[in-house]
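Novice: Sequence below, structure please.
(one chain, ligands or ions: 1)
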Amino acid sequence: MKTEARTSTTMHASGAILLISCYELGHRPAGLTRPLRALEAAGFVPDAIDIAVEPLDAEMVARARFIGISVPMHTALRLGVHLVHRIRQINPDVSICMYGLYATLNADYLLSQGVDFCIANTASTELVELVQSVVDGEQLETQKTGFRTAKLPPLEAYAQFEDNAEKRIVGYTETTIGCKHLCTHCPIPPVYNGKFSVVERGTVLAEIQEQVSQGATHITFGDPDFLNGPRHGLRILREMHERYPNLTFDFTTKVEHILKHSKHFPEFAELGCRFVISAVESLSGTVLTILEKHHTRADVETAIDIVHGAGIALRPTWVPFTPWTSLDDYLDILAFVEMHRLVYHVDPVQYAVRLLIPPGSYLLNRPETKMLSLTLDETAFSYIWEHPDVRLDELHKTVNVLVENDARMGVDALDTFYRIWALAADMHGSRHTPLYRSKAAHLPAPRITEAWFC
Ligand code: SF4
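Specialist: All right, here's what the predicted structure looks like:
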């Protein structure tokens, strides 16, 4: 962290602190809500902009003395770096802090690009401490007066829950921070090092209550893994259901946890769970070993049975392009999805996901990665790798374009899926015979209306 401090006698003035979120998967950003509360509780009067759903307000930027930019994921960081240059044009002297997972992983580069501070802000308190150190002794004039959540865009501005004709307004919260697992491809372990902590039950329930009062009828629990603390999560869900019996929810958890906590899934369904996201990533034993996922193809099948058996949809996510994934493996994922009639459970963008290896990634310690020829591209916030089979790199580019075009044109996910399969089969030189080509053959799946981007 850069420690140079700028003092300001007006840091407690309204709008002197501005927090900006770049992108958070289409939901109301936790990268704004919790730091805003923490700053307000400390007597500051911050402003906020979520550039995913509203334009950058140049006047707010011009009057700010300190701007915090939330970059919890790769897409947000790419947008955030452009934003820094725009901010510097409007307000050259403002102190800029980038916070979130990707800020610390890429701190060296960001500090060279005009960012003053890079912090993880793991507990939403580091930002307050940093602002307080910048204020450097300024007297508090503002008393704690309650939270000014009106400054955030309305929940209707964000992605919605959709299940056929059913639509719901989505609220967002997290019951835990960090993760106790060490999957090598994940950006969380280099920052949290296998540790997680719980968010106080009262805080989570207050966040839910606030969003329900603003119209939320579905809650996304965005914990890295909701079942790291299953008893804590269940207590919150039970209390939430007692207060708001019609509220539905979704959460993310790993395959291993679905198997381990299978007995809770019928209760999750009774409490309103509509879908669960699980990072399957691959079906190849080789790739799963390198990523240290601690599950097998058979475990994935068991997880589908457990979750679907409880009446909840399982939405698997994938990393189909890695240096160790063969064309056969890629086709195997497609065949698996079709076989389990999960086409509508997977956003087509998932078939174009290419492994990111950010600076500090645990993957860099794996012998299989050390054998690759890697080049760090700081501007892409990732090491660049090439697949030993050039067809895979070509397929990645083609699938990427196809998925983007189809999404823009509103093509049905089933059609996109079979077009991807035809491309991969052509490249493989094999024949592709769909098992279940009709829409009716595939299970419908509830979803959030924002395709997944990391
Ligand atoms: S992939 Fe999921 S389970 Fe693995 S370290 Fe990341 S958050 Fe934890």
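Novice: what number of residues lie near the residue of the stretch 251-400 of the chain found nearest the ligand?
Specialist: Taking C-beta to the nearest ligand atom, the ligand has its nearest neighbour within the stretch 251-400 of the chain at Lys254, 4.4 Å off. For the C-beta atoms, the positions are set from N, CA and C on the backbone; glycine is no exception. Neighbourhood size, Lys254 [other C-beta atoms under 10 Å]: 25.
Novice: how much space between Val411 and the ligand?
Specialist: 30 Å (C-beta to the nearest ligand atom, to the nearest Å).
Novice: How many residues are close by that residue?
Specialist: With other C-beta under 10 Å as criterion, Val411 counts 15.
Novice: who are the neighbours in contact with it?
Specialist: By C-beta atoms under 8 Å, 6 or more residues apart in numbering, the contact set of Val411 is empty.
Novice: Let's verify it: helix, strand, or coil?
Specialist: Taking DSSP: H, G, I helix; E, B strand; the rest coil as the rule, one finds Val411 in the coil state.
Novice: One more: the one 3 residues further on?
Specialist: For Leu414, the secondary-structure state derived from three-state DSSP is helix.
Novice: Hmm, Tyr436 and it touching each other?
Specialist: No. With contacts counted by C-beta atoms under 8 Å, Leu414 stays clear of Tyr436, the gap being 9.3 Å.
Novice: So if I had to pick from the two, which one is more boxed in?
Specialist: Per other C-beta under 10 Å, whichever of Leu414 and Tyr436 has more neighbours is Leu414, with 19 against 13.
Novice: And Arg63, how far from the ligand?
Specialist: Distance, Arg63 to the ligand, using C-beta to the nearest ligand atom: 38 Å.
Novice: wait, isn't that residue in contact with Ile17?
Specialist: No. Contact criterion C-beta under 8 Å: Arg63 and Ile17 do not qualify, at 10.5 Å.
Novice: neighbour count winner among the two?
Specialist: Per other C-beta under 10 Å, whichever of Arg63 and Ile17 has more neighbours is Ile17, with 30 against 17.
Novice: related to what we said a few turns ago, anything in contact with each of Leu414 and Tyr436?
Specialist: Taking C-beta under 8 Å, 6+ apart as the contact rule, the neighbours common to Leu414 and Tyr436 are His442.
Novice: Flag the shaky bits of this protein, pLDDT-wise.
Specialist: Along the chain, segments meeting pLDDT under 70 span 1-9, 136-150, 451-454.
Novice: hmm, 80 instead?
Specialist: 1-10, 121-124, 134-151, 432-434, 436-437, 450-454 (pLDDT under 80).
Novice: On the three-state scheme, Leu234 is what?
Specialist: When classified by three-state DSSP, Leu234 comes out as helix.
Novice: Run a quick neighbour tally on the closest residue in space to it that isn't next to it in sequence.
Specialist: Once flanking residues are discounted, Leu234 sits nearest to His264: 6.6 Å by C-beta to C-beta, 6 or more residues apart in numbering. Number of residues near His264 (other C-beta under 10 Å) recorded here: 21.
Novice: Phi, psi for His264 please.
Specialist: Recorded main-chain torsions at His264 are phi -80, psi -10, according to degrees, to the nearest 10.
Novice: That one against Arg231, yeah?
Specialist: No. Under the criterion of C-beta under 8 Å, His264 makes no contact with Arg231, lying 9.8 Å away.
Novice: can you give me the strands for the stretch 151-300 of the chain?
Specialist: Residue ranges of the strands in the stretch 151-300 of the chain, as given by DSSP state E, counting those that start in this stretch, are 161-163, 166-168, 170-173, 176-178, 196-198, 218-221, 248-252, 273-281.
Novice: possible to save the ones you listed as JSON lines with distance to Pro72 and mean neighbour count?
Specialist: Shown next, in JSON lines, are the strands of the stretch 151-300 of the chain (distance: least, C-beta to C-beta, whole Å; neighbours: other C-beta atoms under 10 Å):
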{"stretch": "strand 161-163", "distance to Pro72": "21", "mean neighbour count": "18"}
{"stretch": "strand 166-168", "distance to Pro72": "24", "mean neighbour count": "15"}
{"stretch": "strand 170-173", "distance to Pro72": "12", "mean neighbour count": "26"}
{"stretch": "strand 176-178", "distance to Pro72": "12", "mean neighbour count": "21"}
{"stretch": "strand 196-198", "distance to Pro72": "16", "mean neighbour count": "16"}
{"stretch": "strand 218-221", "distance to Pro72": "14", "mean neighbour count": "25"}
{"stretch": "strand 248-252", "distance to Pro72": "14", "mean neighbour count": "22"}
{"stretch": "strand 273-281", "distance to Pro72": "16", "mean neighbour count": "23"}
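Novice: is it possible to export the ones you listed to JSON lines including distance to the ligand?
Specialist: Formatted as JSON lines, the strands of the stretch 151-300 of the chain follow (distance: least, C-beta to the nearest ligand atom, whole Å):
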{"stretch": "strand 161-163", "distance to the ligand": "22"}
{"stretch": "strand 166-168", "distance to the ligand": "25"}
{"stretch": "strand 170-173", "distance to the ligand": "17"}
{"stretch": "strand 176-178", "distance to the ligand": "8"}
{"stretch": "strand 196-198", "distance to the ligand": "8"}
{"stretch": "strand 218-221", "distance to the ligand": "13"}
{"stretch": "strand 248-252", "distance to the ligand": "8"}
{"stretch": "strand 273-281", "distance to the ligand": "5"}
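Novice: Just put the ones you listed in CSV and tack on distance to His442.
Specialist: Shown next, in CSV, are these (distance: least, C-beta to C-beta, whole Å):
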stretch, distance to His442
strand 161-163, 14
strand 166-168, 18
strand 170-173, 24
strand 176-178, 33
strand 196-198, 35
strand 218-221, 23
strand 248-252, 20
strand 273-281, 15
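Novice: Alright, calling it a day.
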